[in-house]
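Participant: I'd like to go over a predicted model; first the sequence, then the structure.
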Amino acid sequence: MFPIEADYIDANGIAFHIETCGDPDSPRLAICLHGFPELGYSWRYQLPALAELGYRVWAPDLRGYGKTDRPQALDDYTLEKLMEDVAQLIDASGAESVLLLAHDWGAIIAWHFAIHRIRDLEGLVIMNVPHPAVIQDQARNFRQLLRSWYIVFFQIPWLPEFLMRLGNAKLIGSMFTSMAVNKDQFPENVLEVYRRAAQKPGALRAMVNYYRALVRGRGMRRMKERGYPPIETPTLMVWGEQDAALGKELTFGTEKHVKDFTIRYLPNASHWVQQDDPATVNEILRAWVRHETVPEPLSP
């Protein structure tokens, strides 16, 4: 019923390329934030489902990604600027009500956006990234430190970009296929979308600069100093249990930081949960948005 179309929106000095779906005059906006090394395209299964629920849906390529503008300085990728991008996109929409959905790096932005109440939200949906206070509590979890080796690797100048660019950005494609449970969800034509975007001039540096600004730019320390007041916004967490990068234990205790919290684990989905098992994710989203009983996925 609702086709996915492309548009550009100017916000915070950036021209954002956006995948759009739904009634453009709807006062309810659902904005979907992707992660690394994804694009707004990663929400292709959720856009029509959210549009059917009455939302105007925007899935932007985040700054530095895809067809969105690509500033070059490290300081252009601080959490403060990333949150302001979301705030100004919301302002540009003119929406009366906003549902914020986010995965991976997008979820890091979304958690802090909700914690610090940058804009009012009707709901928050987080996929496969833990609450920052829980990450802090798990800072000395040796198993998780091993899983997060890539964050340290990304602090090295130029080498990560060089390696990811090799062989038509082969490593970018293998990030999806090596971790996915349902590998048929990532055929060659899908992988090529991500590989082609990563090879745009300056794209890989911009993508890695998110991690560098968080660590070398002391973004993590600044967020810690601001604290983590409890989130008032109703929040749904959807977690693919076969996540090779983030352990399920990082979800434990989230309810201490979110006053209205629902979590559903998908036993047969990976870190790429909304692409790996889109039918189950969409079923959960529909029920939660409609204030119905949210189904509990079962192992086959």
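Facilitator: Done, it's in. Numbers count the residues shown, from 1 in each chain.
Participant: from here on, contacts and neighbour counts on C-alpha atoms
Facilitator: Will do.
Participant: all helices of the stretch 51-200 of the chain, in order?
Facilitator: If DSSP state H, counting those that start in this stretch is used as the criterion, the helices of the stretch 51-200 of the chain fall at 79-93, 105-115, 132-137, 142-147, 149-153, 159-179, 188-198.
Participant: which stretch in those helices has the least confidence?
Facilitator: Taking the mean pLDDT of each of the helices of the stretch 51-200 of the chain, the lowest value is held by helix 142-147, a mean of 56.
Participant: can you show me the strands along the stretch 1-150 of the chain?
Facilitator: In the stretch 1-150 of the chain, strands defined by DSSP state E, counting those that start in this stretch lie at 5-11, 14-21, 28-33, 56-60, 97-103, 123-127, listed in chain order.
Participant: export those strands to a markdown table and append columns for mean neighbour count, distance to Ser174 and mean pLDDT.
Facilitator: Below are the strands of the stretch 1-150 of the chain laid out as a markdown table (neighbours: other Cα atoms under 10 Å; distance: least, Cα to Cα, whole Å; pLDDT from 0 to 100):
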| stretch | mean neighbour count | distance to Ser174 | mean pLDDT |
| --- | --- | --- | --- |
| strand 5-11 | 14 | 27 | 98 |
| strand 14-21 | 23 | 24 | 98 |
| strand 28-33 | 26 | 22 | 98 |
| strand 56-60 | 28 | 23 | 98 |
| strand 97-103 | 23 | 19 | 98 |
| strand 123-127 | 23 | 21 | 98 |
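Participant: right, and those strands - which one's nearest Glu232?
Facilitator: strand 123-127 (9.5 Å; Cα to Cα).
Participant: what is the closest one packed up against?
Facilitator: strand 97-103, helix 105-115, strand 235-240 (3 or more Cα pairs under 8 Å, 6 or more residues apart in numbering; DSSP states H and E).
Participant: turn these into a markdown table, including distance to Pro267.
Facilitator: Compiled in a markdown table, the helices and strands packed on strand 123-127 are given as follows (distance: least, Cα to Cα, whole Å):
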| stretch | distance to Pro267 |
| --- | --- |
| strand 97-103 | 17 |
| helix 105-115 | 20 |
| strand 235-240 | 6 |
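Participant: out of the ones you listed, nearest to Trp288?
Facilitator: Taking Cα to Cα as the measure, the helices and strands packed on strand 123-127 were each checked against Trp288, and strand 235-240 came out nearest at 7.7 Å.
Participant: what strands flank that closest one, and is each parallel or antiparallel?
Facilitator: Its sheet considered, strand 235-240 pairs with strand 123-127 (parallel), strand 261-266 (parallel) by DSSP bridges.
Participant: Arg165 is in contact with Gln199, correct?
Facilitator: Yes. In this structure Gln199 lies within contact range of Arg165 using Cα atoms under 8 Å: 6.5 Å.
Participant: what is the neighbour count of the closest residue to Tyr194 other than its chain neighbours?
Facilitator: Leaving out its chain neighbours, the residue that sits closest to Tyr194 by Cα to Cα, 6 or more residues apart in numbering is Glu38, at 6.5 Å. Applying other Cα atoms under 10 Å, we find 27 residues neighbouring Glu38.
Participant: pLDDT at Glu38, what is it?
Facilitator: Confidence at Glu38, expressed as pLDDT, is 98.
Participant: go ahead and confirm Gly66 touches Leu39.
Facilitator: Yes. Under the criterion of Cα under 8 Å, Gly66 is in contact with Leu39, at a separation of 6.5 Å.
Participant: distance of Phe162 from Arg63?
Facilitator: Taking Cα to Cα, to the nearest Å as the measure, Phe162 falls 20 Å from Arg63.
Participant: contacting residues for Val181?
Facilitator: Applying Cα atoms under 8 Å, 6 or more residues apart in numbering, one finds that Val181 lies in contact with 242, 268-270, 276.
Participant: swap in 6 Å and give it another go.
Facilitator: By Cα atoms under 6 Å, 6 or more residues apart in numbering, the contact list for Val181 reads 269-270.
Participant: and the end-to-end length of stretch 231-245?
Facilitator: Taking Cα to Cα, stretch 231-245 runs 25 Å from one end to the other.
Participant: which residues touch it?
Facilitator: Contacts for stretch 231-245 (Cα under 6 Å, 6+ apart): 115, 123-128, 147, 258-267, 269-271, 273.
Participant: out of the residues you listed, which are buried?
Facilitator: When those are checked for burial by 16 or more other Cα atoms under 10 Å, the buried set is 115, 123-128, 258, 261-267, 269-271, 273.
Participant: shaky segments in the stretch 201-300 of the chain?
Facilitator: 299-300 (pLDDT under 70).
Participant: gap between Pro230 and Leu53?
Facilitator: Relative to Leu53, Pro230 is positioned 28 Å away (criterion: Cα to Cα).
Participant: hmm, back to that, which of the helices of the stretch 51-200 of the chain sits closest to Ile18?
Facilitator: Between Ile18 and the helices of the stretch 51-200 of the chain, the shortest gap by Cα to Cα is with helix 79-93, which sits at 10.4 Å.
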